[in-house]
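**Student:** what follows is a predicted structure for the sequence shown.
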Amino acid sequence: SEENGGRGTGGQGQAASEGGTRTLHLMRLGTEEHWEVENPSSFSFSHDSRWLAVHKSRPRGEGGGRAGGGESEEQARGSDLILRDLIDGTVTNLGNVSEVAFNEGSTHLAYLVDADGKAGNGLFVLELEEGRIRPLSTGDFLFQGLSWDESGASLAVLRGNKPDGMVQRQNELLTLQDLQGSVQVFNPSDSPTFPEGFVLSEFRAPSWSEDGARVFVGIKEQQEEFEAGDDPGADVVVWHWNDKRVQSQQEVQAGRDRRSTFLAVLNLDDSSFYQLSNEDMSQVQLSQDGRWAVGFDDSRYWMDRDHENNRDDAYRIDPATGEMTLISEALVHSLGISPDSKWFLFWQNQQVLAFDLESGDTVNLTEVAGGVDFENKEFDRPVEKSTYGVGGWSEDGAFVFLNHKFDVWQVPLKGGEAVNLTGGMGNRADIRFRIMDLDPEEDGVETGESIYLTAYGEWTKKSGYFRADPGGDPQELLFGDAMYGTAGFRGSGIRKA
């Protein structure tokens, strides 16, 4: 894309800057075929690269006649969508589109209509091959948060309106689990487990679990609109001793707070709804498949001024039942959930520990590695020192790679012996080895093949690349008096062809 004579970035355009114009250029390599679209807001390709969807910017000054609410509620968000078949060049124009998304199989395009006065608003699905459009839900609503699941067969979106005199929009959740089936509507007022005084919030788009059994949403407390009087307000700053943040911090983060939500989940098989995060447990991390969540509750520690560290009680949360199980108390250093969604790693009392999310058992990986010291001795703050971190996970989920100061250890999660992947060469030669992330789309490291490493000399300042094979020292590929790419760091500057 081109803007004001300059070059755009990436495969996803952004809205044109004030006073500027943009042009999207599509060129067929090896030919002179060329196609342009003026004033694009964003663009995306289908997963099979056959289709290109270009979402145009809405002309300035155009807005809807919506009643109530702020500017975002009053103005329609829809604009033209240009859909091009890159095989035969056919172009289709869809009007008043606010959101658009291809499914994984590139068979369907889902889009939302947001028109002036809400005329024709709705959720629609276009069958790309046949060109048929199916309206899934239409009406005098605002539709937002379009989301396909990973299989490309299920769809979710929010629809709602803002009641008079209230701050938040009152939404329902629409789900479609079969492209040939009917839309199911979840109305919070009909759910006995939906938190009283809250609404489904459009500030967090719905997201699916990997198995399509549940949808994660954001909820937000409903409030009445404040009516300002004619009398000038008192210029007084009031701070309560029980506030987690001082007034100045609250003022700086006010915009973020207005859009913040609590994480919740709807289980589609029985329509059970559970709130996963709250004021005390504001941070909740979902596993990649959505089967588990880990929550961090700091309510017992945030008032303790004797500790600089932010400490939390960590809990396993089962989204299917809402049940919580304590993992560890006063936790400072979380190392995250494994890509296969089976383990939660953390560092505590100079030990690397792995919590089995299914069984609830905890494995001491430091002991499995024979007592290797993974502590970062150079962490110079007067608090609990951290580890050097996780270098990666094996593709089969059987091993985790833990970073020593110099070496990398391959540690089994369920029985077996730990292996020093770098053979101790890093510690002997003061060379810091780290696993290279050659393919960001892959979730793990293939242990049956050679593993490529970045290398950085602690004292020589040399950098380069090595290859590690089981049973020996890493083999030097390139190592010299230069900084190659960003050798020695996670982003190696090298990608797999």
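**Tutor:** Happy to help now that I have it.

**Student:** only C-alpha atoms for contact and neighbour calcs from this point on.
**Tutor:** Will do.

**Student:** need the CA coordinates for the helix or strand where residue 135 lies. PDB is fine.
**Tutor:** If you go by DSSP states H and E, residue 135 is part of strand 133-138. C-alpha atoms of strand 133-138 as PDB (Å, rounded to 0.1, in the frame of the first residue of the first chain):
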ATOM      1  CA  ILE A 133     -25.000 -14.700   0.800                       C
ATOM      2  CA  ARG A 134     -26.700 -16.000   3.900                       C
ATOM      3  CA  PRO A 135     -28.000 -13.600   6.500                       C
ATOM      4  CA  LEU A 136     -27.500 -15.200   9.900                       C
ATOM      5  CA  SER A 137     -28.900 -12.400  12.100                       C
ATOM      6  CA  THR A 138     -30.300  -9.000  11.200                       C
END
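
**Student:** ok, and what's touching it?
**Tutor:** 120, 121, 122, 123, 124, 125, 126, 127, 182, 183 (CA atoms under 8 Å, 6 or more residues apart in numbering).

**Student:** partners of that strand, with directions?
**Tutor:** According to DSSP bridges, strand 133-138 has the following sheet partners: strand 122-127 (antiparallel).

**Student:** how far off centre is the partner strand?
**Tutor:** Its chain's C-alpha centre and that of strand 122-127 lie 25 Å apart, by CA atoms, centre = their mean, to the nearest Å.

**Student:** still on that earlier bit, which one of the contacts of strand 133-138 is nearest to residue 189?
**Tutor:** Minimum distance to residue 189 across the contacts of strand 133-138 is 18.1 Å, recorded for residue 183 (CA to CA).

**Student:** which residue comes closest to that closest one once chain neighbours are left out?
**Tutor:** Of all residues not flanking residue 183 in the chain, residue 176 sits nearest, at 4.9 Å (CA to CA, 6 or more residues apart in numbering).

**Student:** so that neighbour sits against residue 156, correct?
**Tutor:** Yes - judged on CA atoms under 8 Å, residue 176 makes contact with residue 156 at a distance of 6.4 Å.

**Student:** of those two, who's got more company?
**Tutor:** Using other CA atoms under 10 Å, the more surrounded residue of residue 176 and residue 156 is residue 156, with 24 against 18.

**Student:** what's the nearest residue to the more buried one if we skip its chain neighbours?
**Tutor:** Once flanking residues are discounted, residue 156 sits nearest to residue 175: 4.4 Å by CA to CA, 6+ apart.

**Student:** so what are the sheet partners of the host helix or strand of that neighbour and their directions?
**Tutor:** Here residue 175, judged by DSSP H and E, is contained in strand 170-176. Strand pairing for strand 170-176, using DSSP bridges, gives strand 155-161 (antiparallel), strand 184-186 (antiparallel).

**Student:** please export the C-alpha coordinates of the first one as CSV.
**Tutor:** Once non-C-alpha atoms are left out, strand 155-161 reads as follows in CSV (Å, rounded to 0.1, in the frame of the first residue of the first chain):
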residue,chain,number,x,y,z
LEU,A,155,-18.7,-18.4,14.3
ALA,A,156,-19.3,-16.0,17.2
VAL,A,157,-20.3,-12.4,17.4
LEU,A,158,-21.9,-9.9,19.9
ARG,A,159,-25.0,-7.9,19.2
GLY,A,160,-26.7,-5.3,21.3
ASN,A,161,-27.7,-1.7,22.1
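
**Student:** for that strand, the distance to its chain's centre please.
**Tutor:** 20 Å.

**Student:** OK, contacts around residue 213?
**Tutor:** Contacts of residue 213 by CA under 8 Å, 6+ apart are 267, 268, 269.

**Student:** of these, closest to residue 286?
**Tutor:** Nearest to residue 286 among the contacts of residue 213, counting by CA to CA, is residue 267 at 14.9 Å.

**Student:** so the closest one makes contact with residue 318?
**Tutor:** No - checked against CA under 8 Å, the pair residue 267 and residue 318 is beyond contact range at 11.3 Å.

**Student:** in which helix or strand would I find residue 345?
**Tutor:** Assigned by DSSP H and E, residue 345 falls within strand 343-348.

**Student:** other residues contacting the very next helix or strand once past that strand?
**Tutor:** For strand 343-348, the following helix or strand on the C-terminal side (DSSP H and E) is strand 351-356. Applying CA under 8 Å, 6+ apart, the contact partners of strand 351-356 are 327, 342-347, 361-366, 374, 413.

**Student:** for stretch 262-278, how far is the first residue from the last?
**Tutor:** By CA to CA, to the nearest Å, the extent of stretch 262-278 from end to end equals 6 Å.

**Student:** show me what counts as buried in it.
**Tutor:** By neighbour count with 16 or more other CA atoms under 10 Å, stretch 262-278 contains the buried residues 262-268, 272-278.

**Student:** now for the longest strand anywhere in the chain, which elements pack on it?
**Tutor:** Ranked by number of residues, the top strand in the chain under DSSP state E is strand 91-102. The contact analysis (3 or more CA pairs under 8 Å, 6 or more residues apart in numbering; DSSP states H and E) places strand 91-102 against strand 79-85, strand 108-113, strand 142-148.

**Student:** so residue 251, which of the three states?
**Tutor:** With DSSP: H, G, I helix; E, B strand; the rest coil as the basis, residue 251 sits in helix.

**Student:** scratch that, residue 35
**Tutor:** Look at residue 35: counting by three-state DSSP, its state is strand.

**Student:** and it, how many neighbours?
**Tutor:** Residue 35 - counted by other CA under 10 Å - has 11 other residues nearby.

**Student:** hang on, isn't it packed against residue 27?
**Tutor:** Yes - here residue 35 reaches residue 27: they are 6.5 Å apart, a contact under CA under 8 Å.

**Student:** what about stretch 193-212, how long is it end to end?
**Tutor:** Stretch 193-212 has an end-to-end distance of 21 Å (criterion: CA to CA).
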